[in-house]
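# take this sequence and fold it.
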Amino acid sequence: MEEKQNITDNSTAAPDTTPKVTGIGGIFFFTDNPKETREWYAKNLGLEVNDWGSTFESRNLNNPDEINALQWSPFKSGSEYFAPSKKEFMINYRVQHIEKLVKKLKENGVTILDEIATYDYGKFVHIMDADGNKIELWEPSL
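Numbering: from 1, shown residues only. You can find the predicted model right below:
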(Lines give C-alpha, C1' and ligand atoms only; values in the text may rest on other atoms or scores of the structure.)
Protein backbone atom coordinates (compact mmCIF):
# COMPACT_ATOMS: atom_id res chain seq x y z
CA MET A 1 0.00 0.00 0.00
CA GLU A 2 1.31 3.43 -0.92
CA GLU A 3 2.09 5.79 1.90
CA LYS A 4 0.48 9.25 1.62
CA GLN A 5 2.71 12.20 2.27
CA ASN A 6 1.51 15.36 3.92
CA ILE A 7 2.92 18.20 1.93
CA THR A 8 2.37 21.64 3.34
CA ASP A 9 2.61 24.58 1.00
CA ASN A 10 4.09 27.35 3.11
CA SER A 11 4.28 29.80 0.23
CA THR A 12 1.99 32.76 0.35
CA ALA A 13 -0.01 33.91 -2.61
CA ALA A 14 1.16 37.10 -4.22
CA PRO A 15 -1.05 40.08 -3.42
CA ASP A 16 -3.67 40.90 -6.04
CA THR A 17 -2.44 43.99 -7.87
CA THR A 18 -5.28 44.11 -10.40
CA PRO A 19 -6.83 47.58 -10.58
CA LYS A 20 -10.49 46.86 -9.87
CA VAL A 21 -13.57 47.34 -7.69
CA THR A 22 -13.40 45.31 -4.47
CA GLY A 23 -16.76 46.24 -2.97
CA ILE A 24 -19.33 48.94 -2.35
CA GLY A 25 -18.10 51.80 -0.22
CA GLY A 26 -21.23 53.92 -0.08
CA ILE A 27 -24.79 54.54 -1.14
CA PHE A 28 -25.80 58.18 -1.48
CA PHE A 29 -29.27 59.43 -2.40
CA PHE A 30 -31.38 62.58 -2.52
CA THR A 31 -34.06 63.44 0.01
CA ASP A 32 -35.91 66.68 0.72
CA ASN A 33 -34.85 66.64 4.38
CA PRO A 34 -31.69 64.64 5.16
CA LYS A 35 -32.00 65.24 8.94
CA GLU A 36 -35.57 63.89 9.07
CA THR A 37 -34.59 60.95 6.85
CA ARG A 38 -31.68 60.03 9.14
CA GLU A 39 -33.98 60.31 12.18
CA TRP A 40 -36.66 58.12 10.54
CA TYR A 41 -34.14 55.38 9.76
CA ALA A 42 -32.73 55.58 13.29
CA LYS A 43 -36.18 55.40 14.93
CA ASN A 44 -37.76 52.79 12.66
CA LEU A 45 -34.87 50.65 11.45
CA GLY A 46 -32.36 51.10 14.24
CA LEU A 47 -29.59 52.71 12.20
CA GLU A 48 -26.91 54.44 14.24
CA VAL A 49 -26.75 57.82 12.53
CA ASN A 50 -24.62 60.93 12.60
CA ASP A 51 -24.52 64.11 10.49
CA TRP A 52 -23.30 62.11 7.46
CA GLY A 53 -25.67 59.14 7.69
CA SER A 54 -24.70 55.69 8.94
CA THR A 55 -21.64 53.49 8.57
CA PHE A 56 -21.91 49.73 8.22
CA GLU A 57 -18.84 47.62 8.95
CA SER A 58 -18.08 44.13 7.66
CA ARG A 59 -15.08 41.84 7.52
CA ASN A 60 -13.29 40.85 4.33
CA LEU A 61 -13.98 37.12 3.82
CA ASN A 62 -10.53 36.59 2.29
CA ASN A 63 -8.78 38.59 5.01
CA PRO A 64 -10.86 38.53 8.23
CA ASP A 65 -8.56 41.03 9.97
CA GLU A 66 -9.61 43.65 7.40
CA ILE A 67 -12.71 45.62 8.32
CA ASN A 68 -14.54 47.34 5.45
CA ALA A 69 -16.97 50.22 5.76
CA LEU A 70 -20.06 51.10 3.74
CA GLN A 71 -21.37 54.65 4.13
CA TRP A 72 -25.11 55.25 3.80
CA SER A 73 -25.81 58.97 3.30
CA PRO A 74 -28.92 60.98 2.44
CA PHE A 75 -28.12 64.23 0.61
CA LYS A 76 -30.29 67.31 0.22
CA SER A 77 -32.24 67.09 -3.04
CA GLY A 78 -30.48 69.00 -5.79
CA SER A 79 -27.02 68.75 -4.19
CA GLU A 80 -24.31 69.56 -6.70
CA TYR A 81 -22.25 66.66 -5.31
CA PHE A 82 -23.95 64.30 -7.78
CA ALA A 83 -23.45 66.63 -10.78
CA PRO A 84 -23.18 66.30 -13.71
CA SER A 85 -25.43 63.25 -13.24
CA LYS A 86 -29.16 63.94 -13.29
CA LYS A 87 -29.84 60.85 -11.14
CA GLU A 88 -31.09 60.92 -7.55
CA PHE A 89 -28.39 58.55 -6.30
CA MET A 90 -24.67 57.88 -6.47
CA ILE A 91 -22.76 54.73 -5.59
CA ASN A 92 -19.26 54.74 -4.12
CA TYR A 93 -17.19 51.73 -5.11
CA ARG A 94 -14.25 50.62 -2.98
CA VAL A 95 -11.27 49.96 -5.29
CA GLN A 96 -7.67 48.85 -5.20
CA HIS A 97 -4.82 50.49 -7.12
CA ILE A 98 -6.81 53.59 -8.01
CA GLU A 99 -4.04 55.19 -10.11
CA LYS A 100 -3.77 52.13 -12.37
CA LEU A 101 -7.57 51.88 -12.53
CA VAL A 102 -7.90 55.52 -13.66
CA LYS A 103 -5.23 54.92 -16.32
CA LYS A 104 -7.19 51.89 -17.58
CA LEU A 105 -10.47 53.85 -17.55
CA LYS A 106 -8.89 56.69 -19.58
CA GLU A 107 -7.57 54.15 -22.09
CA ASN A 108 -11.13 52.77 -22.39
CA GLY A 109 -12.57 56.24 -23.07
CA VAL A 110 -14.39 56.58 -19.73
CA THR A 111 -15.16 60.15 -18.65
CA ILE A 112 -13.02 61.05 -15.63
CA LEU A 113 -14.58 64.06 -13.87
CA ASP A 114 -11.72 65.14 -11.62
CA GLU A 115 -8.21 64.34 -10.45
CA ILE A 116 -7.53 61.79 -7.72
CA ALA A 117 -7.88 63.55 -4.36
CA THR A 118 -6.12 62.22 -1.26
CA TYR A 119 -7.48 62.51 2.29
CA ASP A 120 -6.60 60.86 5.61
CA TYR A 121 -9.19 58.16 4.94
CA GLY A 122 -8.30 57.40 1.32
CA LYS A 123 -8.13 58.48 -2.31
CA PHE A 124 -11.15 59.49 -4.40
CA VAL A 125 -11.99 60.14 -8.02
CA HIS A 126 -15.30 60.55 -9.85
CA ILE A 127 -16.29 59.08 -13.21
CA MET A 128 -19.39 58.77 -15.38
CA ASP A 129 -20.73 55.37 -16.43
CA ALA A 130 -22.34 54.60 -19.79
CA ASP A 131 -25.82 55.45 -18.41
CA GLY A 132 -24.88 58.92 -17.15
CA ASN A 133 -24.49 57.92 -13.50
CA LYS A 134 -21.78 59.68 -11.54
CA ILE A 135 -19.71 57.10 -9.70
CA GLU A 136 -17.33 57.73 -6.84
CA LEU A 137 -14.25 55.49 -6.65
CA TRP A 138 -12.56 55.21 -3.26
CA GLU A 139 -9.32 53.51 -2.31
CA PRO A 140 -9.29 53.38 1.51
CA SER A 141 -6.11 54.26 3.37
CA LEU A 142 -4.30 51.25 4.75
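# residues contacting residue 113?
Shown in contact with residue 113 (Cβ atoms under 8 Å, 6 or more residues apart in numbering): 84, 125-128, 134. For the C-beta atoms, the positions are set from N, CA and C on the backbone; glycine is no exception.
# nearest to residue 64 among these?
residue 125 (28.7 Å; Cβ to Cβ).
# give me the number of residues near the closest one?
Residues lying near residue 125 (other Cβ atoms under 10 Å) number 21.
# from here on, count from 47
Yep, numbering from 47; the last one is residue 171 now.
# what's opposite it in the beta bridge?
Taking DSSP bridges, one obtains residue 183 as the residues bridged to residue 171.
# which pLDDT does the model give it?
pLDDT recorded at residue 171 is 98.
# with the one 3 residues further on instead?
Among the per-residue scores, residue 174 holds a pLDDT of 97.
# list of residues touching the longest strand seen in the chain?
Ordering each strand of the chain by length in residues (DSSP state E) puts strand 109-122 first. Outside strand 109-122, the residues within contact range by Cβ under 8 Å, 6+ apart are 69-80, 83-84, 93, 98-106, 127-128, 138, 140, 186.
# 7 Å instead, please
The contact list for strand 109-122 (Cβ atoms under 7 Å, 6 or more residues apart in numbering) reads 69-77, 80, 83-84, 98-106, 127, 138, 140.
# please name every helix or strand in contact with the helix ranked longest in the chain.
Under DSSP state H, the helix in the chain containing the largest number of residues is helix 80-91. Secondary-structure packing of helix 80-91 (3 or more Cβ pairs under 7 Å, 6 or more residues apart in numbering; DSSP states H and E): strand 109-122.
# fine by me, thanks again.
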